[in-house]
Structure formats: structure tokens, C-alpha cells
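Undergrad: heads up, no residue letters with this:
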DNA sequence: TATCATAGT
DNA sequence: TACTACTATGATA
DNA sequence: ACTCATAGC
DNA sequence: TACTGCTATGAGT
Ligand SMILES: Nc1ncnc2c1ncn2[C@H]1C[C@H](O)[C@@H](COP(=O)(O)OP(=O)(O)OP(=O)(O)O)O1
Ligand SMILES: Nc1ncnc2c1ncn2[C@H]1C[C@H](O)[C@@H](COP(=O)(O)OP(=O)(O)OP(=O)(O)O)O1
Ligand SMILES: [Mg+2]
Ligand SMILES: [Mg+2]
Ligand SMILES: [Mg+2]
Ligand SMILES: [Mg+2]
């Protein structure tokens, strides 16, 4: 089954021995519950294909002609939105988490490694990718593919810090840039580029690169800078290459500006980024993968060249066309965008209106070029955990309580409430169920959420009778969100309620359970005495981040309680600091301290290289720390269709 | 030069290709400043050998006979102190730091790895040892010996926690056990063993070992338990070995008790320990290395068998006979203890009285069997750092200030003052100088110490004129210590002074420098503006521990300042907790929380295995944290002679 | 008492 | 990029 | 509005 | 020991 096989749609994974890799993967997974579930899904998907094919056979020539007629109108309409005037860039860090761990432990540089554990890998370096080891693969399979694979556990704070440093650089060029995730962002460099050309050469900057920065990665960037041209104007674009120190200036073409950005990223973080340049986000995104790692690619900005570029492109390369869509398209003999265009009439007859329009735009090389960090608002917020099998109601309610508590904390910090609560359940057979309830009013109260959720759980256990409901995961999601204004007063209210709750939290959590589970106590209470086996969750940042975020709120509270001093502990170096609350800059000071800490990993984990800090005491150079949300705050969604039509044609159905 | 070659006096390092290893080590180090200094030391040592040999040639037969006469008296005296009645045990964890890191990241289990970095390795696992990679070797040489070597940075808190868990188990058997370092301890099991035999079989315990604990390591321990004997009494000593779960009882022999202890250690920590059993500490220590890793050895408890055991023993195996002593002995053709005894007349004539007595006792298999945690008192306390080369006075004073500040903090926490201050300086040529000063009174004040130390440094710079004093390390040591009683009042005073200092620390530190360096400001002030290159120190726990210890004191202060609540942040999970100060148990509660945290490493660094903690919030199961010194508190010294005579013959000169 | 060297983890 | 940090004792003057 | 599936990092 | 956690959208009801 292709479903179980290697998913090679990632940079650095071409030309592998897929045969061998798939055999190993299959051996490792065959017979497992996970495998059985994949087979079940596979069947479902195959059925979908069957339905599609059935539909296909019923299509008449007349229908196809009518479709082409309608498509012509659609195409004309789309063509009017084609815009080649903007320079859109997509920047994506290479093997992001892995690169950071390697930077901080260079002995890993020449080894296959992955960030994660035997349960799940979040990413792998390019060496490991040669073995078929990739993100979203369980570690134990990675280990079979590559017995020398080394695992490193994720350190979310470091990734967030690196991300922040990168974004600071991007902001210099487009203050409105939109981040998609910790490691990627879109930018619109049109305005910047014009500015640069206008003020040229007064805006010209020459960078001096000290020897220690001249790594192989850095040289690759510098050596691609266009050499000086003959006419004097471009002669600034040169790289003096005397012995050790090197001077470099970047030109004012879009390519050179991108090289400058990648140069600054590497200089600041020692990480490499790749970039794609195109007239819209769809094309830029495709291009950023083109020369990965540590490369960049620009599609030519003419209608013909763009269409030529698209025609040869496998459909799977388009963000939004995944494993299943690819397969569906394959069934009607579409594997690249030329065929996608040629068979657009079939698409029209077989797929939905939205999909048709999406496919058509893709085939034409058209997409949204709106880049903005202003319009993004989160639409849902959730918390879920995998654990060892449970089936007793009491166990489920304990999990549920924790999830609700956690989720409520995050909602309070973001000052949002929600009206739709969704419970997600995954059985030990990996089947996922979700049950959602619309509430009478918006809420972010732990108790309220728990009461609803526990009802849902109870009813779900009954619904599957006489089978036992055997769970491996539970999740709570809130959607239909409302944002509450964050003027001082309302923040204070929320925080106050939060802290009230905190103070009575221990007993409240308990009583919530007892209250909500009155009905089953007689039946199940006696089982509570059995010592429950220690579940372990394979999860990633969330738990860590929850800890630190609560720490932050709680610290804020603590300092309020005391006096007019802010007392905080740096989560990196564990050092304790006291600031005057009335100095408005204390938070900024703290932030800067955290930056410093993170820039010196050897402060906490010495043994790498010399560093004169004796950690003598708290005075000395001012040290400081940051309060910010621990959840990533993207400034744009990453779902293709969203990106795609966002602010271009959002009137569409 | 043997001096530079591999030091294979460690478990797991026999049968290596020393030729090849030494060649690689030599290649890596030849020509370095370190190497040159080793050559210098080598010369010195050789000179010592020459003097010894000169002395040797002048020895007459008469002298030797006289010596033997005197030795006879000595020997008789020693023989009276021979005591075979006590069961002394030495327990030493296997590849301690490395084993912990492997336990917490099992993907390292089959790889050569070391704890430390490219600068210095603190230990290595047994796989790496096969390549000649060992503790106290710089990482970059390890890397040459074994290019696949993986480095893991040290995590002192984890080692301290594991050590604590082990010691808790040891205490069950000998509450007076004496720890030597984080990973080893002596015990006297005589009393325990008698108790166990008396109450037998009522004291008999059967352990149930769940399947997941039945690792290879564990099985090795269990399978060595003596099988049931024919006479009914011993039949408790059995291992039921049905399918998965296994039951085991340990007998009441010293060996079985040790297996029980090692069993409990492995069950609790997943680490392995090795043990040596003998009638005194010297023999127990030798024996604990005998079957490393995860093994144990008992020397037979008769005078003849002990002497037989010693006779074949290379001198280097005795704790206290190091590289140099071994070589000196080799020069008079002594390489094992038989020869050590046979040539005791030469020893008597060539070595000091103390050494002679030591060597003689060793050869006779005699040593101290006093095990106690009560009598230990620290004799000195110090702080030192390596950094990038400095030679300006201003730079030196900055380092010195930090060292003094740090040292003072630690002394205040231990409530001690000192009267002898020693400044240690290591030049870039690795030459070590020390200068000590006896003060008029005991002190632990940063300022006072800094004033003295900076005078020493100034004079040392002048003393080496016209050469520049070029340093790579500076250290401050205080000795001739006085302990101050820790009744409430005196603690309060010390803490108060400490916090007073802390509050003005920033400015005080600065002013101290300015004041103490008045004389050079005119000359050197202008150089202070040059941006000094960022030094990096390769050092191990101290910086980390300093941070956390200060955190703890500082937190204590913070909570005093506020109200009657104790507010503390768990250094492991970063969670913030509040306790009522008047609940006397708050500290214990906290300690227990930290234990819990450390037992669940995946709470902070998830991705390994399932664990149901959502980190929901602060209530729930009570969580808590510990205040304890971050410096290891041994309960006995580890210097052989100290161990050796301690409380056995401490009247000796 | 002061300095350097050896030894241990 | 690169040979530790900390404690204790012995030898010698 | 609700459920399930797909998709991306 | 062992197949994530989070967010968003589309399709079908
Ligand atoms: N399936 C996943 N689950 C959780 N985290 C993920 C997953 N995939 C990726 N991540 C995290 C780890 C990645 O380093 C980071 C950025 O993802 P992504 O850009 O797709 O890959 P990458 O940066 O690791 O490699 P590259 O971009 O070079 O292909 O997001
Ligand atoms: N030279 C050193 N410098 C700093 N720390 C050290 C040094 N040698 C050992 N340590 C630390 C790391 C060790 O894991 C720990 C215990 O030392 P030790 O018992 O001698 O070796 P070990 O426990 O690592 O291996 P083993 O005992 O199996 O030979 O002390
Ligand atoms: Mg990436
Ligand atoms: Mg990405
Ligand atoms: Mg050990
Ligand atoms: Mg040891």
C-alpha cells in the first residue's frame, strides 16, 4: 500500500532506494494497530476513487463541452487577477529544529540525527533523510532505517528564540511580513526594493564578514552574489576576497536582496534559510523548496515562463495537494500541471466548485499576493494528549480535567472565549471521533468546559455499548472565538479571575470531578484505589510551554502580591531577578536578558568552550526576561486555499 | 613519553591497542603548549627519579639490615591493627554520568559517547573506552580516537538526584555510610548483617520484579544470586523464574546483601553499580573495580588469602599510587605488591616515614575500616576558572572579582569563614603558581577577599617583570576554615549580611574594582574601552550550580520580603509554587516535588514515551521543592592516606 | 606557613 | 576549536 | 451545526 | 518501547 510507504515529498529525499525503505517500513509496522487503521483508511480512500471513477464513466462529451464553456469564463476572470508586479518571497529555514540542535552540539554535524524520540520525530537532518528518515515518522522506524540515527529531544525555547531572531531580520525588509510557522514566512519586497533602488547608492552598505563567520554555508551565499558588472553602477556589487576577513555588498536586484537576508540570518543564527521568489505566494512557496537547503530560486516573471514552469510541475509539489488529492488526480491521469490544465473539464465535472477554481488557478500559475500580518486572527484553540490505554470513566475525567484546565489557562492568557466545544477521542485502534457542542454563551472557564466535555465523554461511552470505549488520546478544542479587548481593565479582570481560580485550584479541580461524576461514583469509585499505571505521553512542546507560560502568569501574580518590585526567574539560566515595577522598561530588560542567555547555551551547560562567566551574582551587567505567549502566533494561515484566496477573492462562496 | 600516553588505569580499558592510541594522542597534542608543559613536568619527574637512583646506589647492606630491623617493629605494630571482623563495602556507580545520559536518551546506548565537550570529557561509556576515550581527556582527542564519538553536555542536577536516590538506598543498610563523591560510598555492613541473620527468617523479604524491570543488567544481578541450598534454611534464597514477572529473595550472606543493594539501585535508578567487599576500605575499593561494570567481588577474609591477593596486584591499582608513584616504584623494580613487600627495606631508605608506612600496610593488605559520616569537615573551599588569555590588570581584576563573589556566596551558605587565602594562577604555558596569605582574622566577605587577592595579583604581575603575566586560569581558595554555629540567630545574621550585600551588589562590585584598582586607572583605564573579546570557559557544574544555588538563596530572600508565604520556582519544571511559611513542612514538600519532577524527565523534554501530565496547573497533587547546597557534600575524603589512617592511627606524625 | 606536586572524582 | 573544577594530602623548605 | 477527512509545520 | 500536537479548511450531512 502506497499509504504506508515513504512520503518523499520533502527536500533532500530524492533518489532514495524507495524499494528497500518501504520494505523496512512495512516490516516495522505490519500488523500494528496503527497499520490496521491505515488499511481501513486506505479502503475508504479507494472507495472514494471508485465513486470518482464511476462518475467519470458517466460523463458525456456534451457535458465536457459545456464544462469547457463555463471554464472559459472562470479562466478569463482569473486571468484578470493575474499580477506580476509584486515581488513575493517565501523564506523557510532548513531542517529547522535539527539545524539548531546541530549548531548547539557540533559533534552531531556529521551524523544522521532527528529531533524527537523513539515515539515521534519532528524533523531530521539532511543526512538522515538519505536513509528515508523524516518528520512525522515514528522514531523506532527511523532507527530501523538508519541504526546509527541519533535522537535529540526538542527544546522549544531555543526554536522560538531562533525564530524570533530570524523574524527580526525579515521585519527590516517588510514590516508587514506574515509568518506561517516558527520556521517560515512570506514577505512582499516590492516596496523595499523600490526604496532601495531610489536611494541607491546612498543606501549602499558594505558588510564585513569576520573569518569565524566564513563557514561553508556562508561562503555558498556570498559566492552566489552577482559579480560586478561593467557599467559603474553595479560595481558596488562586489566581494573583496582577500585572505581571511571578507567584505561584501549586495546589489539591488531581488535576488541579491534575498541573499543579503539569508546572509544576515546565517550571520545572526548560524542557521541556513532557503527562499523562493515569485509573483504570488503559491509560486514563492514552491520555489523555496527548489534549491533547498541553503539556496534560493526565482521563477521568471512573465506569464509564459510561469506557465511553462507550472506545466512540468508534479501536482504534489503544490501546497494544498497532499497524498490523497494527488492520488485522486492520478486516477484521471493527471500527475503534473499541464495535465491538470488539459483535463480541467474533468476536474470541473468531478470536483467541487472551490476545488475546481483552485486547481485551475494553480494550473495557470495564479495565486494571492497579499502579504499581511494585520488580518490574522486565530479561529480555534485546542489541547490534546496521547496516553496509555484507558477505559474507565474516572481515568477519562482525570485526563479531561487536565486538558480543560490547560486550555482555559491559554485562553485566559489570550483573552479569548469560545462558544463551540469539540471533544476529540482516538481509540486504541487509532480511530478518531469528534463531538462538538455549541454553548449558550462564550466561555473560557475550566469548570464550564469540563462539565460539558465530561457529559460528552459519558454519552460517548454509552453510545458504543456494549463495546468498551478504549482510548489512546483525548483532546478539547474551542472554536467560534470571541476576542475581548485588552485595555487595562479587562486584562485585569481576566487575570484576576484567573488568579482567583488558581488560588483555589487544587480543591476546585477535585470538586469539579467529584461533582461532575456523581452519577458514576457508586459504580466506579472502588476502582479508583487500584494504583493506576503511570501513563506516559509522547508529546512535543505543549507541555513544556504550558509550564513556562503558567510560570509567567503566576510570577506576575506573585509580584503583584508583594510590593512594587517585579521578581522573576529566567527560565533559561534559572537566575532570579528583581526589578522596580515602576520602571516601565523592566519587561524589555528582562527580554533582552533572555536573549543573552539563549545566545550563550554554555552558560547553563558548560563544557564546550571558554566563557568567562563565573555566575558570580545577581548584580553586575543588568540582566532581564520576557513575557510572551508560548503558543506560536502565526500571522497567516498555512492552508493553501486560505492563503490562496485570502483578500483576493474572499467573496467567493 | 609515557606521560602523554593513554592512562589505562580504569575499568573497561584493558586489551586496547595502546600503540595506536598513543600515536593518535601524540599526534593530536604534539607541539601544543599543553604538551610542552607536560614535557617540562616530565623532566622534573625524571630528575626526581635520578635523585632517587643516586640515593639508591649509596645504600649499603648495613643500612638495609638496619632498615629491616626497624621495619619488623613497624610490621608488628601494623599486624596488631589487622582486623578481619568487619564487612566493609565500596560501592561505585558504573560510568556514572554517561549511564544517566544514556538512560535518559536510549538512542545513545549502542554508541560511543562521552559526557563533556570538545574541551574536556568528564567520563565516557564503556563502548568509548574501547577506543581509549576516557575521563579527563580533552574531547577533541577523543574525537580523533573515535570519530563517531557523541558528546553530551553535563546535567549536574540529574547526577545529584540519581546520587541522592542511591544514597537513600545505602542508608537503609548503613545509616552511617560515607560518601566519597556523587557516585561512590563506603559502607560497614557488619551490624546490618548480624541484624539480618538474627531476625532471619522473619526479616525475609521477597521482591517482585515486574517485566519491564527485567533488563539485561537486572538479570545479571538476579542470576548471580546463590541458588537454594539443600538444607532448608537457605531455601528462601531462590528466584522463581516463571515467564515474565519474577520473584526473588536475597540470602543473608554479605554477597547476597550486596546483590540486593545493587538490585534496589538498578530498580530505582536504572543505573548499575559495582561493589567491592573486604575487611577494610583499601581492599573494598580495589575490589569494586574488579568486576566492573555491574559486578561485585569479595576478597576472602583470611590473612593468607588477603596477602595472596595483594601479592599479584600491580601497585597502580592501589588508590593513592598514581602515575608518578608507580614510576618511582618501577625504578626500583617494584611493580606489584609482592615486590613492594620484598623491597620494603629500599622503600624505607628512599621514601618518607609516612609513605613507608603506607606502602608497608598496603603490601600487608591492612587499612582503615572506619566508616563514618559524622566526622567529615571540609578543609578548604575554592573556585577557579579557565578563560581565554588575559594579561591586562583590569581584566584580571574582573575575573578575580567574580571568583571572590562566587566563593563568598558559597561560604556564606555553608556558614564558614577562612583565614588562609590562596590565589592560583595558570599561565598560558600551563604553569601553575599559587600564592597564599594568612589573614589577621577569618572572613568570607567578597570585598575583603577581593582586596587581598587583587594585591597578590598585582604583586605577581610585577614579580615576573619584564615578562608579561599571561593567564589562562585564575582561582581563589580559602582554607583554615572556621564553622559558625547554625542556630537560628547566627543563620539569620549571616543571611542578613548576605542579602544586604546582594541588594547593593551591583554597585558594590563595581566600586570594589574601582577602589582596589585606583593605582592603575590612569595607566590602563583607556584600554578598558577596547571591546574585550568574549572569553569562554570550559568548566563543568560549578557555573550551573552557582546559578541555582543563588536562585535558592535569592528566592528565600524574596519570600521573606513579601509576607508569610514561601514562593519558589522548581528549577526542574519551572513551575511556581506558593507555600505557607508557617507550615514547617513546606521545604520537605518542595523537596519531594523536585524528586517527582526529576523522575519524569519527559515532563520538560517530552517526546520519549507516554506520560499523562498536561502540566495543567498548579493545584492538583501537591508539588514541592528543595533547598540544599549545590556543592557535593562528601562524608569522607577520597585521598588514600586520609582514608587509610583516618581514625585508625591519626596520632601518627 | 608557603609552594609545588600528586591523586582522587 | 582546542587539555576542567574541586578537594585533599605529601614533600620540601 | 456537526462530523470526518485532508493538509501543513 | 513504540505512530505527535496544533491549526485550518473542505466535503458531506
Ligand atoms: N509533522 C510535524 N509535527 C510536528 N512538528 C513538525 C512537523 N513537521 C515539521 N515540524 C517542525 C519541525 C521542523 O524543523 C519545523 C519546520 O518544518 P519544515 O520547514 O517543514 O521542515 P524543516 O525546516 O525541518 O526542513 P526543510 O524545511 O529543510 O525541509 O517544524
Ligand atoms: N577527571 C574528572 N573530572 C571531572 N569529573 C570527573 C572526573 N572523573 C570522573 N568524574 C565524574 C564523572 C564520572 O561519571 C563520576 C564518577 O567517576 P568514576 O567513578 O571514576 O568513573 P565512572 O563512574 O564514570 O566510571 P567507572 O566507575 O565505571 O569507571 O565523576
Ligand atoms: Mg523548514
Ligand atoms: Mg517550514
Ligand atoms: Mg564510577
Ligand atoms: Mg567513582
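TA: Now that the structure is in, tell me what you want to look at. These numbers come from a predicted model, not from an experiment. Numbers count the residues shown, from 1 in each chain, chains lettered A, B, ... in the order given. Ligands and ions are numbered 1, 2, ... in the order given.
Undergrad: going forward, measure contacts between C-alpha atoms and count neighbours the same way
TA: Will do.
Undergrad: who touches the residue lying closest to residue A:152 once chain neighbours are set aside in this structure?
TA: Spatial nearest neighbour of residue A:152, excluding adjacent residues (Cα to Cα, 6 or more residues apart in numbering or on different chains): residue A:115 at 4.8 Å. Residues touching residue A:115, when contacts are defined by Cα atoms under 8 Å, 6 or more residues apart in numbering or on different chains, comprise A:97, A:98, A:101, A:121, A:122, A:123, A:124, A:151, A:152, A:153, A:154.
Undergrad: Look at residue A:115 and tell me its secondary structure.
TA: strand (DSSP: H, G, I helix; E, B strand; the rest coil).
Undergrad: Ligand 6 versus that one, what's the distance?
TA: Using Cα to the ion, to the nearest Å, one obtains 32 Å as the distance from residue A:115 to ligand 6.
Undergrad: re the thing from before, inside helices: which ones of the contacts of residue A:115?
TA: Judged by DSSP state H, helices contain the following of the contacts of residue A:115: A:97, A:98, A:101.
Undergrad: State the pLDDT value of residue A:413.
TA: Per-residue confidence (pLDDT) for residue A:413: 86.
Undergrad: so does the helix or strand that contains it get close to DNA strand F?
TA: Residue A:413 belongs to helix A:393-414 when assigned by DSSP states H and E. No: interface with DNA strand F: helix A:393-414 contributes nothing (Cα under 7 Å from any atom of the strand), its closest point being 8.3 Å away.
Undergrad: buried stuff in that helix?
TA: Residues of helix A:393-414 classed as buried under the neighbour-count rule (16 or more other Cα atoms under 10 Å in any protein chain shown) are A:393-394, A:396-397, A:399-414.
Undergrad: again with stretch A:209-225
TA: Burial within stretch A:209-225, assessed by neighbour count using 16+ other Cα under 10 Å, is assigned to A:209, A:213, A:214, A:217, A:218, A:221, A:222, A:225.
Undergrad: Pull up the gap between residue A:451 and residue B:72, please.
TA: Computed with Cα to Cα, to the nearest Å, the distance linking residue A:451 and residue B:72 is 88 Å.
Undergrad: do the same with residue A:288
TA: Using Cα to Cα, residue A:288 is found at 86 Å from residue B:72.
Undergrad: higher neighbour count, these two?
TA: With neighbours defined as other Cα atoms under 10 Å in any protein chain shown, residue A:288 and residue B:72 compare such that residue A:288 has more, 28 against 12.
Undergrad: Next SSE downstream of the lengthiest helix in chain A?
TA: Counting residues, the longest helix found in chain A (DSSP H) is helix A:33-57. Toward the C-terminus, helix A:33-57 is succeeded by helix A:61-80 as the next helix or strand (DSSP H and E).
Undergrad: helices and strands around that following helix, which ones?
TA: If contacts are counted by 3 or more Cα pairs under 8 Å, 6 or more residues apart in numbering or on different chains; DSSP states H and E, helix A:61-80 sits against helix A:344-350, helix A:353-364.
Undergrad: Run through the stretch 401-550 of chain A and note the low-pLDDT ranges.
TA: Judged against pLDDT under 70, the low-scoring parts of the stretch 401-550 of chain A cover residues A:486-550.
Undergrad: so what's the residue nearest in space to the middle of chain A up against?
TA: Centre of chain A computed as the mean C-alpha position; nearest residue by Cα atoms, centre = their mean is residue A:181, 3.8 Å away. Under the criterion of Cα under 8 Å, 6+ apart, the neighbours of residue A:181 are A:632, A:634.
Undergrad: Give me the distance between it and ligand 3.
TA: Per Cα to the ion, residue A:181 is found 9 Å from ligand 3.
Undergrad: do residue A:135 as well
TA: 11 Å.
Undergrad: Nearest spatial neighbour of that residue, chain-adjacent residues omitted?
TA: With sequence-adjacent residues excluded and distances taken as Cα to Cα, 6+ apart, residue A:135 is closest to residue A:123, at 4.0 Å.
Undergrad: which residues does the one you found form a beta bridge with?
TA: Partner residues in beta bridges with residue A:123, using DSSP bridges, are residue A:115.
Undergrad: Can you tell me the SS state at the closest residue to residue A:474 other than its chain neighbours?
TA: Leaving out its chain neighbours, the residue that sits closest to residue A:474 by Cα to Cα, 6+ apart is residue A:425, at 4.8 Å. Reduced to three states with three-state DSSP, the structure at residue A:425 is strand.
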